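*Asks:* Dropping a prediction and its sequence here:
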Amino acid sequence: MQNGSLPPAVAPSTPATSAPTGAATTGGPTPGAPSAKAPTSLYGGVTSRRVTVRDLASAKRRGERWPMLTAYDAPTASVFDEAGIPVLLVGDSAGNCHLGYETTVPVTMDQMVMLSAAVVRGTKRALIVADLPFGSYQESPAQALHNGARLLKEAGVGAVKLEGGERSAHAIEQLVQAGVPVMAHLGLTPQSVNAFGGYPVQGRGDEAAHQLLRDAKTVASAGAFAVVLEAVPAELAAQVTASLQIPTVGIGAGPDCDAQVLVWTDMAGMTSGSVPSFVKQYADLRTTLGDAARAYAADVIGGSFPAAEHSFH
Ligand code: KIV
């Protein structure tokens with residue numbers, strides 16, 4: 001990450017009072033933690049407990065922007081947590097970026113529980129949001145609650161994300177009423193790839209823009225604590241952001257959202273092949289890892305590894 005103009009990242013300390021890894025992250029203060037004080041900033045500002053959805057609401061009121069990244073495993077998540085990223089998304093983009101599928105559609109609840117639990121174990125400070133995968137919430141609000149509760153109980157995440165506006169409002173209401181914080185996701189919703197026939201930009205034209213605005217207001221009224229806007233015109237995302245009290249999280253939605261999210265493998269140069277044009281690449285890990293693997297292979301083949309210092313006698 002480029003820290004340039006951002007506040008210094010805070011390596012999360014682990015005072016005796018901090019929430020144990022995997023502790024529930026949704027509610028009020030961790031028992032025993034000196035928690036009541038509102039953080040002065042979200043990025044690097046909450047050090048003694050997990051970030052909560054209430055911290056995100058406060059950041060919106062302060063006008064503070066924040067970064068979110070995806071994560072799918074414990075070691076990568078711990079790097080982002082130590083870099084001060086306040087919210088990590090265990091996206092069902094794990095399907096394409098971690099599990100080797102072509103789309104997010106095949107991802108299952110069991111896979112999301114396993115990946116999310118690893119991310120929770122690898123972190124101490126970030127709010128962990130896990131995606132409800134395709135087919136795990138569309139049947140009924142009861143199905144949404146059943147699977148949302150699994151992610152909180154079995155994986156220990158602090159919130160879930162699901163796709164859809166008006167069509168998902170009842171599921172959001174059911175989850176929120178039961179105490180499951182929900183991040184909504186509008187615009188390009190990748191679980192609908194088969195209906196969209198690809199990944200086209202959404203919200204273009206008056207009718208589509210009005211529908212997106214209606215969807216955004218509906219998910220906010222249903223109780224969502226934030227809404228992802230994916231691949232929508234920047235002007236529309238700005239309008240949605242100005243008209244909502246909850247934070248918008250943009251991905252390919254221009255600079256005026258309250259927060260931004262990127263898929264970590266795109267952001268860090270681990271993705272093979274092309275990445276969407278809205279991605280900025282901050283590292284070239286694919287080249288770095290490939291070079292390391294080739295250097296290791298050359299040492300093994302040439303007999304210079306293991307050397308004396310890598311051997312027991
Ligand atoms: O699954 C995912 O990673 C997402 C982000 C692209 C927002 O939904």
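*Replies:* Here it is on my side, so go on.

*Asks:* Helices along the stretch 151-300 of the chain, start to end?
*Replies:* Per DSSP state H, counting those that start in this stretch, the stretch 151-300 of the chain carries helices over the ranges 169-177, 193-196, 206-222, 234-243, 264-267, 285-302.

*Asks:* Could you identify which of the ones you listed is most buried?
*Replies:* Of all those, helix 264-267 has the most neighbours on average by mean count of other CB atoms under 10 Å, namely a mean of 23. Quick note: C-beta positions are derived from backbone N, CA and C, even for glycine.

*Asks:* What is that one packed up against?
*Replies:* Applying 3 or more CB pairs under 8 Å, 6 or more residues apart in numbering; DSSP states H and E, we find helix 264-267 packed against strand 66-70, helix 94-97.

*Asks:* got TSV for the ones you listed, with distance to residue 138 too?
*Replies:* Shown next, in TSV, are those (distance: least, CB to CB, whole Å):
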stretch	distance to residue 138
strand 66-70	22
helix 94-97	17
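
*Asks:* Ok, which of the ones you listed comes nearest the ligand?
*Replies:* strand 66-70 (4.5 Å; CB to the nearest ligand atom).

*Asks:* one step back: save the helices and strands packed on helix 264-267 as a markdown table, and put in mean pLDDT and distance to the ligand too.
*Replies:* Converted to a markdown table, the helices and strands packed on helix 264-267 look like this (pLDDT from 0 to 100; distance: least, CB to the nearest ligand atom, whole Å):
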| stretch | mean pLDDT | distance to the ligand |
| --- | --- | --- |
| strand 66-70 | 98 | 4 |
| helix 94-97 | 96 | 7 |
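
*Asks:* Just put those in TSV and tack on mean neighbour count.
*Replies:* Below are those laid out as TSV (neighbours: other CB atoms under 10 Å):
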stretch	mean neighbour count
strand 66-70	24
helix 94-97	22
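
*Asks:* closest one to residue 301 among the ones you listed?
*Replies:* helix 94-97 (31.3 Å; CB to CB).

*Asks:* Dump the C-alpha coordinates for that closest one into PDB.
*Replies:* Output in PDB follows, covering the C-alpha atoms of helix 94-97 (Å, rounded to 0.1, in the frame of the first residue of the first chain):
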ATOM      1  CA  ALA A  94     -12.800 -15.800  -3.400                       C
ATOM      2  CA  GLY A  95     -14.400 -17.900  -6.100                       C
ATOM      3  CA  ASN A  96     -12.400 -16.300  -8.900                       C
ATOM      4  CA  CYS A  97      -9.400 -15.000  -6.900                       C
END
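
*Asks:* list the helices and strands it packs on?
*Replies:* For helix 94-97, the elements it packs on are helix 109-121, helix 264-267, judged by 3+ CB pairs under 8 Å, 6+ apart.

*Asks:* ranking the ones you listed by burial, who's on top?
*Replies:* Of all the helices and strands packed on helix 94-97, helix 264-267 has the most neighbours on average by mean count of other CB under 10 Å, namely a mean of 23.

*Asks:* do that helix and the ligand meet at all?
*Replies:* No: applying CB under 6 Å from any ligand atom, one finds helix 264-267 separated from the ligand by no less than 8.9 Å.

*Asks:* chain center to that helix: distance?
*Replies:* 12 Å (CA atoms, centre = their mean, to the nearest Å).

*Asks:* Contacts only, for the residue in the chain positioned nearest to the ligand.
*Replies:* Going by CB to the nearest ligand atom, the ligand is nearest to residue 91 of the chain, at 2.2 Å. Applying CB atoms under 8 Å, 6 or more residues apart in numbering to residue 91 gives the contacts 70, 72, 97, 104, 131, 161, 263.

*Asks:* Now the terminal residues of stretch 265-272, how far apart.
*Replies:* Stretch 265-272 has an end-to-end distance of 9 Å (criterion: CA to CA, to the nearest Å).

*Asks:* what secondary structure does residue 79 sit in?
*Replies:* Following DSSP: H, G, I helix; E, B strand; the rest coil, the label given to residue 79 is helix.

*Asks:* Just give me the neighbour total for it.
*Replies:* Number of residues near residue 79 (other CB atoms under 10 Å) recorded here: 16.

*Asks:* list the contacts for it?
*Replies:* If you count contacts by CB under 8 Å, 6+ apart, then residue 79 has nothing around it.
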